[in-house]
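Colleague: Prediction below, plus the sequence it came from.
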Amino acid sequence: MRRIAFAVAMLSALALGACSSGGSVFNTGGGAQHTIVTASGSSALARVLPGGSIPLSATAVSGSQNGYSTNNQFTWSAALTTGLSYQYTTDGNAWKPCASVSQTIGGTTTPYTADFSIYVTIDPSNESNVIFSPPPIIPAPPGGTIATNYPYCVVVSATPVQGGGSNSTGSITVVVANPLNPLQ
């Protein structure tokens, strides 16, 4: 019995010694921090109707095994984009192109991109959670008009307040679906 107890004690001491060199089960010892942004809800697809809302959540992780970080403070931003694709099915195997929103100013029509950060509401009790609520109608720039084509995409990004490296910002592409054909 003493030999078993001695063997357990020696293995424990060796295990603790190995951990003190910076390694861990989650390989967080020297790995870069990055952020994972996900959509909440029943389907976990980042899809919302204009004027609706979708809850999003960020998690700071580090290392190759995505060990959780204790950081839950993020700086959030959102941008209307062009030329991206969005995930169409929950298995991640089907993607569709995002439509372009266009602006016309002085007779010239161009793709329209805009800062949509104003449509992000941060949970004051936990800054890793937000609600993204795209406007019912995209406001036109001064002196211009907007042609909204559906589905258009908005990239919502989260950056940890404490930093963590050049790749620490995470984002998710949220598709704003056509109210007349929400499953497109």
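Modeller: Received it, and whenever you're ready, just let me know what you need.
Colleague: Per-residue confidence, Met1, what does it come out as?
Modeller: Met1 is assigned a predicted lDDT (pLDDT) of 44.
Colleague: Could you give the bridge partners of the most centrally placed residue in the chain?
Modeller: The residue lying closest to the centre of the chain (CA atoms, centre = their mean) is Val37, at 2.6 Å. Judged by DSSP bridges, the bridge partners of Val37 are Ala58.
Colleague: Break this protein into its domains for me.
Modeller: Using automatic domain parsing, the domain parsing of the chain gives 1-26, 31-176.
Colleague: from the chain's centre, how far out does the longest one sit?
Modeller: Translated: domain 31-176. A distance of 7 Å separates the centroid of the chain from that of domain 31-176, by CA atoms, centre = their mean, to the nearest Å.
Colleague: ok, which stretches of this structure are helices?
Modeller: 2-19 (DSSP state H).
Colleague: Quick one: low-confidence residue ranges for it.
Modeller: 1-32, 41-44, 63-71, 163-167 (pLDDT under 70).
Colleague: returning to what we had before: can you give me the distance of the residue nearest to the centre of the chain to Thr173?
Modeller: To Thr173, Val37 is 10 Å away according to CB to CB, to the nearest Å. Placement of C-beta: from N, CA and C, glycine included.
Colleague: can I assume Val61 is in contact with His34?
Modeller: Yes. With contact defined as CB atoms under 8 Å, Val61 and His34 form a contacting pair (6.2 Å).
Colleague: Just give me the neighbour total for the nearest residue to Thr104 once chain neighbours are set aside.
Modeller: Leaving aside its chain neighbours, Thr104 sits nearest to Thr145 (4.9 Å; criterion: CB to CB, 6 or more residues apart in numbering). Residues near Thr145, counting by other CB atoms under 10 Å, number 11.
Colleague: Same question for Cys153.
Modeller: With other CB under 10 Å as criterion, Cys153 counts 23.
Colleague: Which residue is the nearest non-sequential neighbour of Tyr88?
Modeller: Nearest to Tyr88 is Ala94, by CB to CB, 6+ apart, at 4.3 Å.
Colleague: thought that neighbour was touching Ser85?
Modeller: No. Counting by CB under 8 Å, Ala94 sits too far from Ser85 to count as a contact (10.0 Å).
Colleague: that older thread, can you list the domains of the chain in a markdown table and add distance to Leu183?
Modeller: Below are those laid out as a markdown table (distance: least, CB to CB, whole Å):
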| stretch | distance to Leu183 |
| --- | --- |
| domain 1-26 | 38 |
| domain 31-176 | 9 |
